[in-house]
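Novice: For reference, the sequence and a predicted model appear below.
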Amino acid sequence: MSEYRRIAEEILVTLEDLKHQGGIHVDQLPHVFSNIVRQGEINCYPSSTKIQCCQLSLFLSLNSPSYRKGKGHIDCRKAMEKIVQHMQGACFQKTNVALFVTDNWNATAFEEWRANLEHIKGTCHIEIYLLSGRTASEIHI
């Protein structure tokens, strides 16, 4: 099992736990992610906390009301846009791993961002996981 698959599966387990507590607020995401990743600072989207560019960036798109609480969560399309802005813009050549975890895949948005995501994959490591039930399934690009 890859390290990033392990992270995606731990995110799913954590979300399932938080679902019973009323969901997860955007302000909780960086803390939850850093506990799962255990690699020091990470960039986290969405987040109200901004930090310098890190080696690893995590992008989370939650659409299910059982997972998300409050405002500020982003949909799949917006998460893809954030990946491109971060990896090809603000943190170009600084962040070399992007992990995208979503519970709402948007095939139309993926087609619109496919060329950018493939370009990023050519120079960086990127993995995408779709959460469905109690499973985190990798989406290959």
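Specialist: That came in fine, so what should we check first?
Novice: Low-confidence stretches in this structure?
Specialist: 1, 38-39 (pLDDT under 70).
Novice: any chance you could map the helices in it?
Specialist: Secondary structure of the chain by DSSP state H: the helices cover 3-19, 29-37, 76-85, 107-123.
Novice: Including mean neighbour count, could those helices go into a markdown table?
Specialist: For glycine as for every other residue, the C-beta is placed from the backbone atoms N, C-alpha and C. Formatted as a markdown table, the helices of the chain follow (neighbours: other Cβ atoms under 10 Å):
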| stretch | mean neighbour count |
| --- | --- |
| helix 3-19 | 17 |
| helix 29-37 | 18 |
| helix 76-85 | 20 |
| helix 107-123 | 14 |
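Novice: got those as JSON lines, with distance to L56 columns?
Specialist: Converted to JSON lines, those look like this (distance: least, Cβ to Cβ, whole Å):
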{"stretch": "helix 3-19", "distance to L56": "9"}
{"stretch": "helix 29-37", "distance to L56": "7"}
{"stretch": "helix 76-85", "distance to L56": "13"}
{"stretch": "helix 107-123", "distance to L56": "14"}
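Novice: closest one to G70 among the ones you listed?
Specialist: helix 29-37 (11.1 Å; Cβ to Cβ).
Novice: so that closest one versus helix 3-19, what angle?
Specialist: Calculated by axes from the mean of the first three to the mean of the last three Cα atoms, to 10 degrees, helix 29-37 forms an angle of 130 degrees with helix 3-19.
Novice: Return the backbone torsion pair for the closest residue to N63 other than its chain neighbours.
Specialist: Leaving aside its chain neighbours, N63 sits nearest to N104 (3.6 Å; criterion: Cβ to Cβ, 6 or more residues apart in numbering). Main-chain dihedrals, N104, degrees, to the nearest 10: phi -150, psi 80.
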